[in-house]
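>>> kindly return the folded structure for what I paste below:
(one chain, ligands or ions: 1)
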Amino acid sequence: MPATSMEELVSLCKRRGFIFQGSEIYGGLQGFYDYGPLGVELKNNIKAAWWRSNVYERDDMEGLDSSIIMHRLVLRHSGHEATFSDPMVDNKKNNKRYRLDHLVKDQKADVQAKVAAHMGVDPENFPALVAALNAEPAKASEALRTSGVRDAFSGEIGDWTEPKPFNMMFKTTIGPVADEESYGYLRPETAQGIFTNFKNVVDSTSRRLPFGIAQIGKAFRNEITPRNFIFRVRELEQMEIEFFCTPGTDEDWHAHWLEKRLSWWEAQGVPRSKIEILDVPKEDLAHYSKRTYDLMYDYPTLGYEEIEGIANRSDYDLGSHTKSQSELNLVARVSENNDSIAKLTIPHPETNKPVVPFVIEPSAGVDRALLAVLSEAFTKETLENGNERIVLKFKPHLAPIKVAVIPLARNKPELVELARQIKNDLQKLGLGRILLEDSGNIGKAYRRHDEVGTPYCITVDFDTLGQSNEDSDVSLKDTVTVRDRDTLQQERLKISELAEWIQAKLK
Ligand SMILES: Nc1ncnc2c1ncn2[C@@H]1O[C@H](COP(=O)(O)OP(=O)(O)OP(=O)(O)O)[C@@H](O)[C@H]1O
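The predicted structure is shown next:
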């Protein structure tokens, strides 16, 4: 059974070294997390699985790693300077600031109903309520004040200001001179680096439509209320694809990517039955979107929340960043661009005339992916002897440690040496991390590796050494015990057969 509460996951992550609070020894920094020894392995494995599936296993994709800090004009023409904002409200009593939709969502049902009645919308339709609050700031502030909306920090009814837009981009000065022009932004999505490199990639690879560019990297959003552990952070990582296609074929490609992405999640242990597809209502679409499917995963404690967005961005992005816009018959409504020096077109596959392609964008968060994978893997079991164990049943390709090699006694140099040799030989197979676990207590080692999701533990014991004494069986010389994390079955294998056996299991 997957995790039932976020607390279970938070506590396991800290205890076993998956995730720590950022800047913790100075009191922590809200919305920033550090990935520990096991977290970094899990994260790398998720990213590698995504890259393998979306770049290596397809013939129509290229990869990219663009810079994080971007020219202010990129984010101006992308529309982010003007529109990448969330409405926020302040409580005048204690100067605490909240994202409007989060504030309302966190209220008791009767308070929410009062706010909805004031705004004249159905209390069951939360997106419509948020839209109404955003549309009429003065009425919204009145609704919050007269409905008894409470401040989560003080627990008391707040004195609420009018909602104001708050731009979520991090701005930074570039170079030694701090003047009006010397600033850039930390990208709020990796996508813009793909659009600005569209021409470079086409020219250097001779790609024709349809094709896509994939990128994994950090993005930064100054979230007003970062919360729910790594679900909503200010420094996040994204796995994004911009898939360029001929206008008119975009809806088919949108359906194609929806299907592909759902089956990828399934292969990572996040089943379709736990994902709802939200066809985002027109009034909630982002400024660039023709249509968007949000994949909503059933997170413990939070319920259904977005894990990935799959948007049809039409020709908005390339159309916004291109020069000569008026010659290009753009479908999307874009703002005038007199700054770009590149024409972002590609020959139409049939007519050969220059065309601005449509874009389908599957965009998944690495942090939210990791949280879902962890949550699905989390299992509490009662064993035959009545003991309870926590085990992370990761798909083997995602497990942070693939194999632990354990010498039965740490004070026996022959055992430790042989275990080290086995570890070194398995490490050379390139399967991921193989760990020499010489903490000495076999029971504790098994418990620890269950809790971090190591699929196989190999134990080197006195039988392995072939030392004949009353407890050992010489016929077992050069064999080891292999314990399966999920079934708890142990089998004896020859050391010479281990590599092939493990490779087959971890494929
Ligand atoms: N603050 C964040 N922390 C962690 N992951 C995030 C955050 N914002 C976005 N993501 C991830 O990036 C993906 C694509 O970003 P997108 O802009 O579509 O998110 P969003 O619609 O703004 O998310 P939300 O509505 O939850 O704020 C999301 O599906 C999510 O997995």
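>>> what does this structure put close to the ligand?
Taking C-beta under 6 Å from any ligand atom as the contact definition, the chain meets the ligand at 189, 221, 223, 232-233, 236, 238, 306-309, 363-365, 367-368. The way it works is simple: take the backbone N, C-alpha and C, and place the C-beta from them, glycine included.
>>> output the below-cut-off pLDDT ranges for the stretch 401-507 of the chain.
468-473 (pLDDT under 70).
>>> show me the strands in it, by range?
Taking DSSP state E, counting those that start in this stretch, the strands of the stretch 401-507 of the chain run over residues 401-407, 433-436, 456-460, 479-484, 490-494.
>>> and the fourth one, what other elements does it pack with?
The one in question is strand 479-484. When contacts are defined as 3 or more C-beta pairs under 8 Å, 6 or more residues apart in numbering; DSSP states H and E, strand 479-484 sits against strand 456-460, helix 462-465, strand 490-494, helix 495-505.
>>> likewise the second one?
The helices and strands touching strand 433-436, judged by 3+ C-beta pairs under 8 Å, 6+ apart, are strand 401-407, helix 413-427.
>>> gap between the longest one and the chain center?
Relative to its chain's centre, helix 413-427 lies at 36 Å (C-alpha atoms, centre = their mean, to the nearest Å).
>>> buried residues of it, list them for me.
415-416, 418-419, 422-423, 426-427 (16 or more other C-beta atoms under 10 Å).
>>> go on, stretch 117-131?
Those would be 118-119, 121, 123, 128-131, for stretch 117-131 by 16+ other C-beta under 10 Å.
>>> repeat for stretch 392-405
392-405.
>>> mean neighbour count for the helices and strands packed on strand 479-484 - can I get that in JSON lines?
Listed next are those as JSON lines, based on neighbours: other C-beta atoms under 10 Å:
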{"stretch": "strand 456-460", "mean neighbour count": "24"}
{"stretch": "helix 462-465", "mean neighbour count": "21"}
{"stretch": "strand 490-494", "mean neighbour count": "12"}
{"stretch": "helix 495-505", "mean neighbour count": "14"}
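>>> so Asp298: helix, strand or coil?
Following DSSP: H, G, I helix; E, B strand; the rest coil, the label given to Asp298 is strand.
>>> need the nearest residue in space to Arg313, chain neighbours excluded.
Setting aside the residues directly before and after it, Arg313 is nearest to Val359 in space (C-beta to C-beta, 6 or more residues apart in numbering), at 4.3 Å.
>>> any idea how far that neighbour is from Leu262?
20 Å (C-beta to C-beta, to the nearest Å).
>>> please apply the same query to Arg291.
17 Å.
>>> then Gly22?
32 Å.
>>> and what of Leu429?
Leu429 sits 31 Å away from Leu262, going by C-beta to C-beta.
>>> ok, now Met239?
15 Å.
>>> among the two, which residue is more densely surrounded?
More neighbours surround Met239 than the other of Met239 and Leu262, with 23 against 18 (other C-beta atoms under 10 Å).
>>> buried stuff in stretch 155-163?
Applying 16+ other C-beta under 10 Å to stretch 155-163 flags 157-158, 160-161, 163 as buried.
>>> from those residues, which is closest to Arg448?
Gly158 (46.0 Å; C-beta to C-beta).
>>> what's the least confident helix or strand in the protein, going by average pLDDT?
helix 126-135 (a mean of 86; mean pLDDT, DSSP states H and E).
>>> next SSE downstream of that one?
helix 137-146 (DSSP states H and E).
>>> low-confidence ranges, this structure, go.
Scanning the chain for pLDDT under 70 picks out 1, 468-473.
>>> per the record, what domains does it have?
6-81+170-374, 85-167, 390-505 (automatic domain parsing).
>>> quick one: closest of those domains to Leu383.
domain 390-505 (7.7 Å).
>>> for burial, what's the neighbour tally of Ile224?
By other C-beta under 10 Å, the burial measure for Ile224, its neighbour count, is 20.
>>> before we move on, the earlier item: let me have the helices and strands packed on strand 433-436 in a markdown table, extended by distance to Leu278.
Formatted as a markdown table, the helices and strands packed on strand 433-436 follow (distance: least, C-beta to C-beta, whole Å):
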| stretch | distance to Leu278 |
| --- | --- |
| strand 401-407 | 36 |
| helix 413-427 | 44 |
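>>> hang on, Trp51 packs against Leu64?
No: with contacts counted by C-beta atoms under 8 Å, Trp51 stays clear of Leu64, the gap being 11.5 Å.
>>> now the helices for the stretch 251-400 of the chain?
Counting by DSSP state H, counting those that start in this stretch, the stretch 251-400 of the chain has helices at residues 316-321, 366-377.
>>> list the contacts of Tyr299.
The contact partners of Tyr299, taken as C-beta atoms under 8 Å, 6 or more residues apart in numbering, are 6, 228, 231, 305, 371-372, 375.
>>> Tyr183 pairs with what?
Assessed by DSSP bridges, Tyr183 has beta-bridge partners Thr173.
>>> my guess is it meets Met70, correct?
No: Tyr183 sits out of contact with Met70 when judged by C-beta under 8 Å, with a separation of 10.8 Å.
>>> and the two? Which one has more around it.
Met70 (20 against 15).
>>> tell me which strands the helix or strand hosting that one pairs with, and in which orientation.
Following DSSP H and E, the helix or strand that holds Met70 is strand 69-71. Sheet pairing of strand 69-71 (DSSP bridges) gives strand 183-186 (antiparallel).
>>> centre of the chain to the strand it pairs with, how far?
When C-alpha coordinates are averaged (C-alpha atoms, centre = their mean), strand 183-186 and its chain have centres 23 Å apart.
>>> contacting residues around Arg187?
With C-beta under 8 Å, 6+ apart, Arg187 has these contacts: 68-70, 75, 193, 219-220.
>>> for the stretch 51-200 of the chain, what spans make up the strands?
61-64, 69-71, 85-91, 96-99, 164-167, 170-173, 183-186.
>>> now tell me what touches the longest one from outside.
For strand 85-91, the external contacting residues (C-beta under 8 Å, 6+ apart) are 96-101, 103, 133-134, 137, 140-141, 144, 151, 154, 158-168, 224.
>>> and for the fifth one?
For strand 164-167, the surrounding residues in contact (C-beta under 8 Å, 6+ apart) are 81, 84-89, 137, 222, 224.
>>> hmm, try it at 6 Å
85-88, 224 (C-beta atoms under 6 Å, 6 or more residues apart in numbering).
>>> please state the offset of the helix or strand Leu38 falls within from the chain centre?
Per DSSP H and E, Leu38 falls inside helix 37-51. Relative to the centre of its chain, helix 37-51 is centred 10 Å away, using C-alpha atoms, centre = their mean.
>>> which other helices and strands contact it?
Packing contacts for helix 37-51, counted by 3 or more C-beta pairs under 6 Å, 6 or more residues apart in numbering; DSSP states H and E, involve no helix or strand.
>>> buried residues in that helix?
For helix 37-51, by 16+ other C-beta under 10 Å, it's 38-39, 41-47, 49-51.
>>> as CSV, the strands of the stretch 401-507 of the chain with distance to Gly248 would be great.
As requested, the strands of the stretch 401-507 of the chain are arranged in CSV below (distance: least, C-beta to C-beta, whole Å):
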stretch, distance to Gly248
strand 401-407, 46
strand 433-436, 47
strand 456-460, 51
strand 479-484, 52
strand 490-494, 57
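>>> any idea how far apart the tips of stretch 280-290 sit?
10 Å (C-alpha to C-alpha, to the nearest Å).
>>> actually, stretch 149-157.
6 Å.
>>> can you list contacts of that stretch?
Applying C-beta under 6 Å, 6+ apart, the set of residues contacting stretch 149-157 is 91, 94, 96, 106-107, 148, 158.
>>> from the stretch 51-200 of the chain, which residue is nearest to the ligand?
Here the residue of the stretch 51-200 of the chain nearest the ligand is Glu189; by C-beta to the nearest ligand atom that distance is 6.0 Å.
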